[in-house]
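# below are the sequence and a predicted model for it; my questions follow.
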Amino acid sequence: MQELASNGSVSVTWRHRVHTCRHAFADEGGALANLLPCDSGPAQVLIVLDEGLLRAQPDLPAQLSAWSDTHRSLVHAAGAPLIVPGGEQAKNDRTEFDLVVRAIHERHICRRSYVLALGGGAVLDAVGFAAATAHRGVRLIRMPSTTLSQADAGVGVKNGLNAFGAKNLVGSFAPPWAVVNDTMLLCTLSDRDWRAGLSEAVKVALLKDPSLLFELEHTATALRGRDLDVMERIVTRTAELHVSHIVAGGDPFELERARPLDFGHWSAHQLEQMTGFGLSHGDAVAIGTLIDLQYATLMLGASSELSQRVANCLESLGFPLHCDALGEEDRLLEGIERFREHLGGSLAITMVTAPGVSDEVSHIDLDCMRQAIRLTRRRGDDRASRAG
Ligand SMILES: NC(=O)c1ccc[n+]([C@@H]2O[C@H](COP(=O)([O-])OP(=O)(O)OC[C@H]3O[C@@H](n4cnc5c(N)ncnc54)[C@H](O)[C@@H]3O)[C@@H](O)[C@H]2O)c1
Ligand SMILES: [Zn+2]
């Protein structure tokens, strides 16, 4: 075999733009509109709206229409907003993906036009995959509308759909054109979705920022009481940690074995699947984080105070930590194999052994992991029986 003389390496640079604000559409300065440059005339924009968000904030289409009117020299809405179903069903089949691709086609959205997507992580994943593949990539502006998507899902570079019973089996790495976290979108979340981003905050605090863990513990009452200023601070710090991992971590497209930000996720994804997505991603990550901390205590020399401390913190943030599916240990443990396949080859699971200290393990002792699952289950059951 002979290598072509013209072979070489190619590097592509992109700017990862993540902004935070309040009232993005009322901003007279047009900061949002200015994020959508266009060579000739106003930028064509297909607006996609999560149905659950629209139900909670029915005046959004009017706000969007006033915004595009005010900035008509910069933006032009390509038709009325496309309303798509929200929640995990957005990713569970191709319906939503097809709706968006069809709208891109029928409304003449080209590679220099924009898709502006407002919604939770599931809608952003489905719309993101459509935008990444239609015309081989249309510019995408994400406006995440849940705590989890502002803190994590919406500020990353991935998208995806579930397929053949596997979470995120289909998807791509596709950096968005920009991300705009508008804190005011969070006001109408259910309690479950309000707390969801906080388990990702606990996760990333354990990995990278012990002071954030401390802050979460000390602001738990305010967070449970839906203090928007405190939530904004926590979400912004969590987003910063995720974004800096992507921008400065040296492996934005996860080509290396390790995926530290997936700490606590092998079991979280499996639990979501086992409960038919009755368990939210946020609640599943809370349980998954605890399972791996229990394992680290049993196997890797982490202190038992750490798992106690994190369980207390998660409970005070409002996480139930109770899940009947924890009783199906064999099925849950299949999540380890699925995670290995998703990584592509050998297993690499990040385990936290102290705040800010982590280890990558390539082998899981299954007996020990069973014990970790039982300890986590007992903790959740005790709490549920005390509460009930
Ligand atoms: N791409 C990534 O890197 C990445 C990372 C983490 C998680 N995820 C994915 O994100 C998804 C979870 O996202 P999520 O936690 O945002 O939940 P979600 O997208 O399922 O949304 C939860 C519910 O809230 C509704 N909603 C959205 N915004 C609202 C608002 N402001 N007010 C009232 N209701 C609103 C939605 O319609 C939905 O019913 C999972 O599919 C997960 O796999 C992706
Ligand atoms: Zn997650």
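Perfect, I can see it now. Numbers count the residues shown, from 1 in each chain. Ligands and ions are numbered 1, 2, ... in the order given.
# residues in contact with the residue nearest the centre of the chain?
The centroid of the chain falls nearest to A153 when counting by C-alpha atoms, centre = their mean (1.9 Å). Residues in contact with A153 (C-beta atoms under 8 Å, 6 or more residues apart in numbering) are 120-121, 124-125, 144, 281. Quick note: C-beta positions are derived from backbone N, CA and C, even for glycine.
# same thing with R383?
Applying C-beta under 8 Å, 6+ apart, the residues near R383 are 315, 320-322.
# do that again at 10 Å, thanks
311, 315, 319-322 (C-beta atoms under 10 Å, 6 or more residues apart in numbering).
# now secondary structure too, for those, in a markdown table please.
What follows is those, written out as a markdown table (DSSP: H, G, I helix; E, B strand; the rest coil):
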| residue | secondary structure |
| --- | --- |
| A311 | helix |
| E315 | helix |
| F319 | coil |
| P320 | coil |
| L321 | coil |
| H322 | coil |
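# what residues does the protein put near ligand 1?
50, 52-53, 56, 86-88, 91, 119-123, 125, 145-146, 148-149, 152-153, 156, 158-159, 185-186, 188-189, 193, 196, 281-282 (C-beta under 6 Å from any ligand atom).
# mind checking which of these land in helices?
52-53, 56, 91, 121-123, 125, 148-149, 193, 196, 281-282 (DSSP state H).
# pull up the pairing partners for the top strand by length along the chain, direction included.
Ranked by number of residues, the top strand in the chain under DSSP state E is strand 43-50. Here strand 43-50 has these sheet partners by DSSP bridges: strand 75-77 (parallel), strand 82-84 (parallel), strand 114-119 (parallel).
# model confidence over the longest one, on average?
The average pLDDT within strand 114-119 is 98.
# ok, now the second one?
For strand 82-84, the mean per-residue pLDDT is 98.
# list the contacts of it.
46-55, 61, 90, 95-97, 99-100, 102-104, 107, 115, 117, 119, 122-123, 126-127, 130.
# give the buried residues for the helix or strand harbouring K203.
Secondary structure from DSSP states H and E places K203 in helix 191-208. Across helix 191-208, burial judged by 16 or more other C-beta atoms under 10 Å covers 193-208.
# and that helix, how far out from the chain's middle?
Taking C-alpha atoms, centre = their mean, to the nearest Å, the mean C-alpha location of helix 191-208 is offset from the chain mean by 10 Å.
# ok, now stretch 296-312?
25 Å.
# now swap in stretch 325-332 and tell me
The answer for stretch 325-332 is 24 Å, by C-alpha atoms, centre = their mean.
# most neighbours among the contacts of A153, which one?
G121 (33 neighbours; other C-beta atoms under 10 Å).
# one step back: which one of the buried residues of helix 191-208 sits closest to A354?
L206 (8.8 Å; C-beta to C-beta).
# for that closest one, give me its contacts.
L206 makes contacts with 212-213, 263-264, 289, 292-293, 306, 310, 313, 350, 352-358, as judged by C-beta under 10 Å, 6+ apart.
# now with 7 Å?
213, 352, 355 (C-beta atoms under 7 Å, 6 or more residues apart in numbering).
# same question, L271
L271 touches 279, 284, 287-288, 323, 325, 332, counting by C-beta under 7 Å, 6+ apart.
# and the strands paired with strand 43-50, which is most packed in?
Counting by mean count of other C-beta atoms under 10 Å, strand 114-119 has the highest mean neighbour count of the strands paired with strand 43-50, with a mean of 27.
# give me the residues contacting it.
Taking C-beta under 7 Å, 6+ apart as the rule, strand 114-119 contacts 36, 43, 45-50, 53, 86, 104, 109, 123-124, 127, 131, 138-143, 145, 177.
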